[in-house]
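>>> Need coordinates for the following:
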Amino acid sequence: MSYSFEQLIMFEAVSRLGSFTLAAQEVYRAKSAVSHGVRALEESLGLKLLERSTRSVKLTAEGELIITQAHQILHASHILEQLAKDLNGEHEANLTLVVDGAAPVNQIMKAVRQLTQMPIETKIKVIVEHLHKVRDRFESEQACMMVTFGFSNVKDLENIELPPVELILVAHKDHPLAGYTMPLAKSSLKEFIELSVADCIDDPLRLHNDLSFSSDHLIEVSDFSLKKQALLGAVGFGWLPRHLIEDELKTGTLVPLKLIDQSNRWLSPQLVYRNTPPLGTVGRN
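A predicted model of the protein is given here:
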């Protein structure tokens, strides 16, 4: 039995992305080279690892078991590589950060900009996701850090509490709700269109469950940017982080809605990072 480390990298990329084309782009190899590498791995192991069709690529039952071990091998290699670089005083080759879209991304990008002005060759990648998908992407990308909400300590991960994020219930100044001067009951909102980021209501982290009004008219959007655009179009009402709408609140384009039982909500973001392997020089900065 003889297989190469590169073949494991190719196999992991194909299984994660579900595409030889996308995997080839990620590992900077020709599609034919990736296909040949995965085929050689299958022949070496004597197992069929992937079900191939013209539309998709999926793991076989054997592939599901092998990919688990492949992840451990690749992770161990990453730890060894990072340790060697730290001992040699070198910067890490890659730094991947996954950020929840509700977090103050502008502040995070300022920190990234400061890093890019340093004399480093580290490739920095910032990915924006939402809710539990942040953690899913953190694992699938084997990212170094993530900014998320409601994190509970787990093995090999540490976290730093960041300043809380204020959520404000708003509607456009021309929306009927903007004309209400008295505090609103939740029941009175059900007849209006409620805007929500997809997965908020069924979020397994249960962070946003108290933000829903169970409206009879619900529109789900993919992210906070699109939600903001919908609100600016007077489509409905919904929660947005204050840092995303400071200008619109100042000009009165978006109007805060008053609720009987508290008009604002607060979420506590955390910067989570791996201690195995430990952060490299750039990540620590």
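
>>> my guess is Ser225 is in a helix, correct?
Yes - secondary structure of Ser225 (DSSP: H, G, I helix; E, B strand; the rest coil): part of a helix.

>>> Now do whatever helix or strand Glu139 lives in: distance to the chain's middle.
Assessed by DSSP states H and E, Glu139 sits inside helix 132-140. Relative to the chain's own centre, helix 132-140 is displaced by 6 Å; criterion: CA atoms, centre = their mean, to the nearest Å.

>>> what packs against it?
strand 94-100, strand 123-129, strand 145-149 (3 or more CB pairs under 8 Å, 6 or more residues apart in numbering; DSSP states H and E). Using the backbone N, CA and C atoms, a C-beta is placed for each residue, glycine as well.

>>> So which of those strands is the most surrounded?
Comparing the helices and strands packed on helix 132-140 by mean neighbour count (mean count of other CB atoms under 10 Å), strand 145-149 ranks first with a mean of 24.

>>> If you count contacts, what does it end up packed against?
For strand 145-149, the contact count by 3+ CB pairs under 8 Å, 6+ apart identifies strand 94-100, helix 132-140, strand 269-274 as packing neighbours.

>>> Paired strands for the first one, with orientation please.
Applying DSSP bridges, strand 94-100 is found paired with strand 123-129 (parallel), strand 145-149 (parallel).

>>> Now do that strand: distance to the chain's middle.
8 Å.

>>> do the same with the last one
Between the mean C-alpha location of strand 269-274 and the chain-wide mean there is a distance of 12 Å, by CA atoms, centre = their mean.

>>> Parallel or antiparallel, list what pairs with it.
For strand 269-274, using DSSP bridges, the partner strands are strand 145-149 (antiparallel), strand 157-161 (antiparallel).

>>> so where do the helices sit in the stretch 51-200 of the chain?
Assigned by DSSP state H, counting those that start in this stretch, the helices in the stretch 51-200 of the chain fall at 61-87, 105-116, 132-140.
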